[in-house]
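> Predicted coordinates and the sequence they were generated for:
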Amino acid sequence: MAAVTLDRVTKIYPNGFQAVTDLSLELVDGEFLVLVGPSGCGKSTALRMIAGLEDISDGELKVGDRRVNEVEPKDRDIAMVFQNYALYPQMTVRENIAFPLKLRKVGKSDLHQQVEEAAQILELTEQLDKKPAQLSGGQRQRVAMGRAIVRRPALFLMDEPLSNLDAKLRVQMRADIAGIQRELGVTTFYVTHDQVEAMTMGDRVAVIKDGHLQQVAAPEELYADPDNVFVAAFIGSPSMNLYEGVLRQDGTSGGYTVQLGSQSVAVPESAVAARPALHGHLGQPIVVGIRPEDLEDAAVQPDHPADQRISATVDVREALGAETLMHFSIDATHVDSGDPDALDELGDESSSRCTARLSPLTEARVGDAIQININAAKFHFFDKATHLAIRG
């Protein structure tokens, strides 16, 4: 096991394209860190630089106390798990797992013991004499992990290992990989475009966009206190609703309201007091973020303050059992988060889309005019020009 340090690591290709810029990250010994971002953001390039499969244009990479910028991949004490498994089809599971040990000329008894131990951890004991073609996708990915485990590396690198699995298997394998990593205690750098994977697996999550690191934090902190509009929208499913709004203070009562298009929502004084910098934005356009779970059908929650409601007409209703997703439109201006992979929830480029995660008790149907409660204490506020969070 080892700590890993990336100090202002940069990758510039011969054609001048800069894939990663000044990436600084530190993985503590035994940590599971997930690097997440949209397609083409530089996350796989970062992993390949750690592996030694891409040269580092600038900056320094350390594994433990050793600088490894120019060290050959085979000498970095790293094991990789790939998206496509990379198994030998002519070999059995046992032979695939044992392959790196044979290359090291490990004795037969030690080899057998290490393969058996890895198979037991991965619940592959009954599959050891089968060929990869006889296995499910999840089992093949376990074999790929087994081959990495027996190497007993200082660092695991995982490059979108669940992308080829169906949705049900991905859920199972997320839990399995996280559990195995905790059991082994090996420092792990995991790359994915799936923010659900990132949030459910990582001790910490690093968000990257266009080769630039956006924020690094524990999953809960990343979700509750995003540094900017991109992180706010990228982390969370369904995505945060983002609108241009204006925060105002009543000269008589001293109370605060946010204007969202033609509608006004009262904001608790405590929410403004927690962000003193908001006073410098009074009366000016800012970006207001609302998580879908901070919205509720007023018919289900009638005791909510009446001045924290908006009117809407239901466009799309998705009943999911434990919750109901409701899509509707308001006349506030939508703010683009900058995520190239983002698609409008309604399938178009409407500037006023909004998604609410409602109680399954809601009886609202498509076409209904309803009142939507807003938990205004949970508003997120961002500078319109910089898209950075407005805090203290």
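Noted; the coordinates are in hand.
> Walking through the protein, point out its helices one by one.
With DSSP state H as the criterion, the chain has helices at 43-51, 93-103, 108-121, 137-149, 167-184, 195-201, 219-224, 229-234, 269-273.
> which of those helices is buried the deepest?
Across the helices of the chain, the average number of neighbours (mean count of other Cβ atoms under 10 Å) peaks for helix 229-234, which reaches a mean of 25. (C-beta placed from N, C-alpha, C; glycine too.)
> hmm, who's touching that helix?
Helix 229-234 is contacted from outside by 36-38, 195, 207, 209, 214-215, 222, 226, 239-240, 242, 287, 289, 335, 337-339, 342, 380, 382, 387, 389, using Cβ atoms under 8 Å, 6 or more residues apart in numbering.
> How far does that helix sit from its chain's centre?
10 Å (Cα atoms, centre = their mean, to the nearest Å).
> hmm, back to that, I'd like the helices of the chain laid out as JSON lines, including mean pLDDT and distance to Met326.
Output for these, formatted as JSON lines (pLDDT from 0 to 100; distance: least, Cβ to Cβ, whole Å):
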{"stretch": "helix 43-51", "mean pLDDT": "96", "distance to Met326": "33"}
{"stretch": "helix 93-103", "mean pLDDT": "93", "distance to Met326": "47"}
{"stretch": "helix 108-121", "mean pLDDT": "92", "distance to Met326": "44"}
{"stretch": "helix 137-149", "mean pLDDT": "90", "distance to Met326": "34"}
{"stretch": "helix 167-184", "mean pLDDT": "88", "distance to Met326": "23"}
{"stretch": "helix 195-201", "mean pLDDT": "94", "distance to Met326": "21"}
{"stretch": "helix 219-224", "mean pLDDT": "97", "distance to Met326": "21"}
{"stretch": "helix 229-234", "mean pLDDT": "96", "distance to Met326": "19"}
{"stretch": "helix 269-273", "mean pLDDT": "95", "distance to Met326": "24"}
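> need these in CSV with distance to Phe17, can you?
Converted to CSV, the helices of the chain look like this (distance: least, Cβ to Cβ, whole Å):
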stretch, distance to Phe17
helix 43-51, 10
helix 93-103, 34
helix 108-121, 39
helix 137-149, 30
helix 167-184, 31
helix 195-201, 25
helix 219-224, 28
helix 229-234, 21
helix 269-273, 43
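> Tell me which of the ones you listed approaches Ser311 most closely.
helix 269-273 (22.1 Å; Cβ to Cβ).
> Tell me which residues are up against that closest one.
Helix 269-273 is contacted by residues Leu247, Gly254, Gly255, Tyr256, Leu278, His279, Ala376, Ala377, Phe379 when judged by Cβ under 8 Å, 6+ apart.
> least confident pick among the residues you listed?
Lowest pLDDT within the contacts of helix 269-273 is found at Gly254 (86).
> Check the gap between it and Arg391 for me.
Using Cβ to Cβ, to the nearest Å, Gly254 is found at 22 Å from Arg391.
> now Arg248
Relative to Arg391, Arg248 is positioned 20 Å away (Cβ to Cβ).
> Look at these two and report which has more neighbours.
Comparing Arg248 with Arg391 by other Cβ atoms under 10 Å, the one with more neighbours is Arg248, at 16 against 12.
> if I pick that one, what's in contact with it?
Arg248 makes contact with Tyr256, Thr257, Val258, Gln259, Leu282, Gly283, according to Cβ under 8 Å, 6+ apart.
> Might one say that the fifth one is in contact with Asp250?
It refers to Leu282. No: Leu282 sits out of contact with Asp250 when judged by Cβ atoms under 8 Å, with a separation of 11.0 Å.
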